[in-house]
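Asker: Provided below for reference: sequence and predicted model.
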Amino acid sequence: MENVSIEAIFQVVEAIAVTAGIILAVVGWRQHKEQQERESALELLHSFQTPDFAKALLLVYGLKEVGLSKKQVEERFGEDMHLVYALTTTWESLGVLVFRREIRLELVSEFFSGPVRISWQKLKHYFLEERAEQKRETIGEWFQWLAERLGEQEVTVGRVPAHIAYKTWKPR
């Protein structure tokens, strides 16, 4: 009888140890994911805080017209076209990272929903013409994809500006 009760005790201890191990693994995995999310957010923030990025964004925002041809866009930006190209390849890269679930769409939306969508709106015809000229539908594909996903998210989830949505926010 003592052997059975000792065996039962060991089984209970073993079950508790396995359960505790699973719980610790899940907690550790969640903490790891949260850490990755924080690191992604900080990397996003730092990578876009450059004078060239800001200038490129201002150039795109400065386009009053929507639907300019490729030639008109290139003439308008002139020697600064390389900055706009760098901006759009940044949006392209973000699109791939969101698609691969390396960065959450919600995070990109909070940082760049407006800039990405405005950039696509103003440069869409540039990319459509470039695709036709190069016979490559893949030019700007992830930039377009990201802008469209952000647009869909705004329609389905809504996008209330932070200064309105979190007006009553208080620090901990």
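Answerer: On my side now, so go ahead.
Asker: can you pull the pLDDT of the residue most central in space within the chain?
Answerer: Nearest residue to the geometric centre of the chain (Cα atoms, centre = their mean): residue 108, 3.2 Å. We have a pLDDT of 90 for residue 108.
Asker: those strands in the chain, which residues are they?
Answerer: For the chain, applying DSSP state E gives no strands.
Asker: please parse it into its domains.
Answerer: The chain breaks down by automatic domain parsing into domains covering 1-47, 51-158.
Asker: redo those as TSV? Include distance to residue 166.
Answerer: To be clear about C-beta, it is placed using only N, CA and C from the backbone, and glycine gets the same treatment. Listed next are those as TSV, based on distance: least, Cβ to Cβ, whole Å:
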stretch	distance to residue 166
domain 1-47	16
domain 51-158	11
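Asker: ok, of those domains, where does mean pLDDT dip lowest?
Answerer: domain 1-47 - the lowest mean pLDDT of the domains of the chain, at a mean of 79.
Asker: now the helices for this structure?
Answerer: 2-47, 51-61, 70-77, 81-99, 105-134, 141-156, 162-165 (DSSP state H).
Asker: which one, of those, ends up nearest to residue 172?
Answerer: helix 2-47 (16.0 Å; Cβ to Cβ).
Asker: what angle sits between that closest one and helix 105-134?
Answerer: 50 degrees (axes from the mean of the first three to the mean of the last three Cα atoms, to 10 degrees).
Asker: same for helix 2-47, what does it pack against?
Answerer: Judged by 3 or more Cβ pairs under 8 Å, 6 or more residues apart in numbering; DSSP states H and E, helix 2-47 is in contact with helix 105-134.
Asker: mind listing what's buried in the helix it packs on?
Answerer: 105, 107-109, 111-113, 115-120, 122-129, 131 (16 or more other Cβ atoms under 10 Å).
Asker: one more: stretch 137-145?
Answerer: 139-140, 142-145.
Asker: closest to residue 61 among these?
Answerer: Top of the list for closeness to residue 61, among those and by Cβ to Cβ, is residue 143 at 16.2 Å.
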